[in-house]
Each structure stands twice: as C-alpha cells, then as structure tokens.
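J.: Generate coordinates for the sequence data below:
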Amino acid sequence: MILDRILEHKRAEVRHKQSRGYLVELKSRVRDRGSPRGFIRALTATHPPDSPSLIAEVKKASPSLGLLRPEFKDLFEPVKIAEQYKKHGASALSVLTDKDFFQGSLHYLKAVKDKVGLPCLNKEFMVDDIQFYEARAYGADAVLLIVAALERRQLVDFFALAGELELDVLIETHHEKELDTVLERLPEAKLIGINNRDLKTFSTDLAVTFRLAKRIPSDKMIVSESGIHKRDDVKRLMEAGIHAMLVGESLIRAGDTGAKIRELLGVEQVNKS
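T.: Numbering: from 1, shown residues only. From the prediction side, this is the model:
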C-alpha cells in the first residue's frame, strides 16, 4: 500500500535527523519566527459568498501521477504559483514538503510563507516530534495530522504539541472509524478534513465528503480535500455545509490558474449577474 511505503520511508528519514544540535537549532529559529498567522482564522475571515474558502496547494508531483506539469522537470517556482493563488482569491495555502514521494521541500514552505504571506499548511506525513519544530521553523501556520497514519496516542500527543507551538491543526479523516476517533479523543479539534482520496490506493471519490460530513458536529469547520475539479463539485460541497476546500492538482494542471480559481469560486457567475 502506498501509505505504508510512505510512512516507512518517512520514519527512516526522520531517524537521520535525530540530533540534539539540530533540535536546538530548530527551537532557536522558532523563537525568531514569532507567532504564526491564524490559519483557521483566515478561512473564516475570507470566506467567499458562493464557495467554501479555498486552500490552494503548491504541489510539484504525486506518487500516482509523477510530475504534475512536464516543465516542472526543469523549473518549479513555488512562490510564483502561490502568488497566483493569492491574487485570484485563495484564503490560505498548502505546501507539500515531502521530498521522495511528492518532490516537495521545507525550503518551498519557507519561501512561500516569506514572500507571499498567506497562512500556510505544512502538508507532510507527521510521524515524529521533530517535524513539528521543522514546520514552525520554516514558517508553517498549521500542520496536517493524518488519522490513518497515526496511533491514537500519537494523534493526541501530536495535537497537543502543535498547540504548544501555536500551530493550527487540520486533522484528516477518510473513514467513519477515523472520524469517530477524532470526535472521541479530540473534542477540542476545530478543523476536520475529509480526504476524498484513499491513501491506500490513491483512488478518489467526492462522495466520501458527503457521507462523513453528516456525522460532524456543527461547531467544527469541515475541509474537503482532493477530487475537486469543477464548479459543480464546489456547489455540491456548499450544499453539504463544507466550510473550506483543499485543491491542488486541478489548479496546478490548469492552463490558466486564475481562470480555474475563478471558476471554482464562482466569481465569473457573480460578475455576469
């Protein structure tokens, strides 16, 4: 399974980073960073009238598709991509930092945060405490916790560590059992993600959002992730009470990023009325 391969590799990668000196360096950089921007607050404050808030993803590649654009082989410009997202209405950004499966980088996260300024989610497979210090040191405002990738104790401990570091948390679920775990173990969690992509097979089905959203209390913010390609998808998310959507591949692969964002957010329809 793809997720198992990623997690096995990630644990080995983190083991090579385990040194007291590196952690001390990260903690020093965290102090220099100051407080994060409010990721959850941004999703609320910039909510579009006819769409969930957009978390636009800076993404170079995926395990299932490889490079998302052929030209990324020679030139990938995360800051320019993020600037286009901001210009056309994104409320927040998600930046892939996994190197081996998604060709991401913590340096992409730092550059995007420092140059673009929108609140940033560190899109990473979190398996160790040190990654949270890396996230803060490189400018993240929020981190992702994938329930399928963590034991229950880890999930609770990592959520607490994120809070200590002033990081907002997007908790990602895919099945009812995972959602029940979050609601039972972390009742204080505010932002719950529903990943329409099965991380074991990487197949995508938007119906996952509609099924799980019915079980989520009204005081939570719901983020639908993956499989959102057209305006009709967004309309269905609105009808289901979804507060935000995380979109990557359909933006990256669009010929005109701005036009694609306007389509998803319903801006063109508003202008024509």
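J.: Not counting sequence-adjacent ones, nearest residue to His174?
T.: Spatially, and ignoring its direct neighbours in sequence, His174 is nearest to Asn195 (5.0 Å; C-beta to C-beta, 6 or more residues apart in numbering). Backbone N, C-alpha and C define where each C-beta goes, glycine included.
J.: Isn't Glu134 up against Leu106?
T.: Yes. Applying C-beta atoms under 8 Å as the test, Glu134 and Leu106 come out as touching, 6.1 Å apart.
J.: out of the two, which sits in the busier spot?
T.: Relative neighbour count places Glu134 above the other of Glu134 and Leu106, with 25 against 20, counting by other C-beta atoms under 10 Å.
J.: what are the ranges of the strands in the stretch 101-250 of the chain?
T.: Counting by DSSP state E, counting those that start in this stretch, the segments of the stretch 101-250 of the chain that form strands are 120-123, 142-146, 168-173, 191-195, 221-225, 244-247.
J.: can you list these in TSV and add mean neighbour count?
T.: As requested, the strands of the stretch 101-250 of the chain are exported to TSV (neighbours: other C-beta atoms under 10 Å):
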stretch	mean neighbour count
strand 120-123	28
strand 142-146	24
strand 168-173	25
strand 191-195	25
strand 221-225	25
strand 244-247	26
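J.: now those strands in CSV, with distance to Arg236 and mean pLDDT?
T.: Shown next, in CSV, are the strands of the stretch 101-250 of the chain (distance: least, C-beta to C-beta, whole Å; pLDDT from 0 to 100):
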stretch, distance to Arg236, mean pLDDT
strand 120-123, 23, 98
strand 142-146, 24, 98
strand 168-173, 19, 98
strand 191-195, 13, 98
strand 221-225, 9, 98
strand 244-247, 11, 98
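J.: Tell me which helix or strand Val14 sits in.
T.: Using DSSP states H and E, the element containing Val14 is helix 2-15.
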